[in-house]
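Student: here is a sequence together with a model predicted from it:
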Amino acid sequence: MDKVSKAARTVPVKVTVNGEPWEGEVRCEETLLGFLRDRLGLKGTKRSCESQVCGACTVLVDGLAVSSCSYLAWEARDKQVQTIEGLACGGKLDPVQEAFVKHSAVQCGYCTPGMIMMVKALLMENPHPSREEIRNWLNGSICRCGTYVAVEQAILDVAGATE
Amino acid sequence: MLRPFELVEPTSLSETFGCLEHHGEEAKVYAGGSELLVAMRLGLLHSKMLVNIKHVPGMDQLELENGSLRVGSLVTHRRVETSALVRERFPLIARMESKVANVRVRNVGTLGGNLAFAEPHSDPATLFLVYGAEVVLQSSRGQRRIPLSEFFVGPYETVMEPAEILVEIRIPSFPQGMKGAYIRWGVLERPALNVAVGARLAEDRLLEAVRVAVGCVGPIPIRLQQLEESLRGMELSAAYQHIGSSGTAVRQWLAPVSDIFGSDDYKVYMVKTLLQRALRQAVEGDDHG
């Protein structure tokens, strides 16, 4: 897609979200979070700290975990965006989602979509993370209900750890 | 909510400078947005225009040249952290980068942006000071190289001119035999305080060369050159003791204030403690890079 060579208030964007192509104009200041929630109605991605601290708004852009609250929507042009809504396939939950259910790694659930997207990114890069690697990776994914131990168990389980 | 702004996306350095000169202070350089967008959302800063320099070629190199690491200003923290070259030749830098904020910030945030923003609580700035790093600045009038120790002027303030951009960071290797350590302290995303040390022991186990940097406590990260000089030639046990008794001087050099990160007394105490630990880690460890 063309770069913006003259100062512009909107940017033409072609993007694929959960496998579905989208094409249109976005405002320069529109965040990916706003784009996903308000334009596409994908409310699974949560708005929270709006400063890249908490992880509730995590989505994957070309497989990289980003805070969609602080990621401008036009930055996703020509890229693949994956949100929590894109994980289940044909009515069947993703193995990470299954593991979160099995280990009750959820309490109020507000951080869960972002937490799960962080875990997806971790397992893509490192399919068998150690406890320490999991903790380092999720430093910056905040759960005020304190489900961390269950989350860690769920990840170890889905990664096939024997402990 | 972000207030509306315009976007321009130059594809060359000359186009970038033209744009910055034409729009003056209203335009801000955008390279990842980790610092900038937060400041804009908080209303600390408003730019009428962002100049996205991600399509300008020649600022994404991560390579070794004559023993120095050349990092283009568009290189992300994550790329430095995971680079095989950096892990092999500058393992201390790779480890420091793995502690910057969180994975999401490191995926989009650039090293150039971190330094150019001059946030006083920066991980890389403090460590790079002990390497004697330089930044390469460029404008339509040409290039200049500035030691990092002269780059920061105050919080969020550098020597950069309005229509000048940071294009590269150059990090020399430690001198032969020098080993280093970096310690950050804090519970939030940014370090509450951080220290970096480079040290070389002579054959007789005396400190032959010492470099010490402290960040987050004063308005800018700095090398404590007076402390470096007084530590030179000391035995290690004497050096630890000297650091422990340098509270008054540390307070004078760093002018700590009490804030959300801790009281001034606490900061002085922790600087001394972390410097002792960092010196021990440096001489006992194996971080030559």
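Tutor: Yep, it's here. Numbering: from 1, shown residues only, chains lettered A, B, ... in the order given.
Student: how about the residues of chain A by chain B?
Tutor: Within chain A, the residues that sit near chain B (CB under 8 Å from any CB of the partner chain) are A:3-9, A:11, A:27-29, A:31, A:50-53, A:55, A:58, A:64-67, A:70-72, A:74, A:118, A:121, A:136-137, A:139-141. From N, CA and C alone the C-beta is placed, and that goes for glycine too.
Student: could you give the mean pLDDT of the strand or helix carrying B:R70?
Tutor: B:R70 belongs to strand B:68-72 when assigned by DSSP states H and E. The pLDDT scores in strand B:68-72 average 98.
Student: get me the contact residues on the stretch 51-200 of chain B for chain A.
Tutor: B:N52, B:H55, B:S98, B:A101, B:N102, B:V103, B:R104, B:V105, B:N107, B:V108, B:E189.
Student: which helix is the longest one in the chain?
Tutor: Chain wasn't specified; assuming chain A. helix A:112-125 (DSSP state H).
Student: wrong one, I was asking about chain B
Tutor: From DSSP H, the single longest helix across chain B is helix B:264-284.
Student: contacts for that helix next, please.
Tutor: For helix B:264-284, contacts defined as CB atoms under 8 Å, 6 or more residues apart in numbering or on different chains pick out B:179-183, B:185, B:193-199, B:201, B:210, B:212, B:214, B:217, B:236, B:239-240, B:243-244, B:246-247, B:250-251, B:254, B:256-258, B:261-262.
Student: burial count for A:P21?
Tutor: Neighbour count of A:P21, defined by other CB atoms under 10 Å in any protein chain shown: 8.
Student: quick one: A:L138 and A:A121 touch, right?
Tutor: No. With contacts counted by CB atoms under 8 Å, A:L138 stays clear of A:A121, the gap being 10.6 Å.
Student: A:E132: which element?
Tutor: helix A:131-137.
Student: just the residues of the stretch 51-200 of chain B next to chain A now: which is nearest B:R170?
Tutor: B:S98 (21.7 Å; CB to CB).
Student: how about that closest one, what does it touch?
Tutor: Going by CB under 8 Å, 6+ apart, B:S98 touches A:N136, B:E81.
Student: can you rerun that using 10 Å?
Tutor: By CB atoms under 10 Å, 6 or more residues apart in numbering or on different chains, B:S98 lies in contact with A:N136, B:H77, B:R78, B:V80, B:E81, B:T82, B:R87, B:R106, B:D123.
Student: and for the residue of chain A found nearest chain B, nearest residue in space, chain neighbours not counted?
Tutor: Closest contact between chain A and chain B, by CB to the nearest CB, is at A:G140 (2.5 Å). Closest residue to A:G140 apart from its sequence neighbours, by CB to CB, 6 or more residues apart in numbering or on different chains: B:N102 at 2.5 Å.
Student: ok, now how distant is the one you found from A:C54?
Tutor: 10 Å (CB to CB, to the nearest Å).
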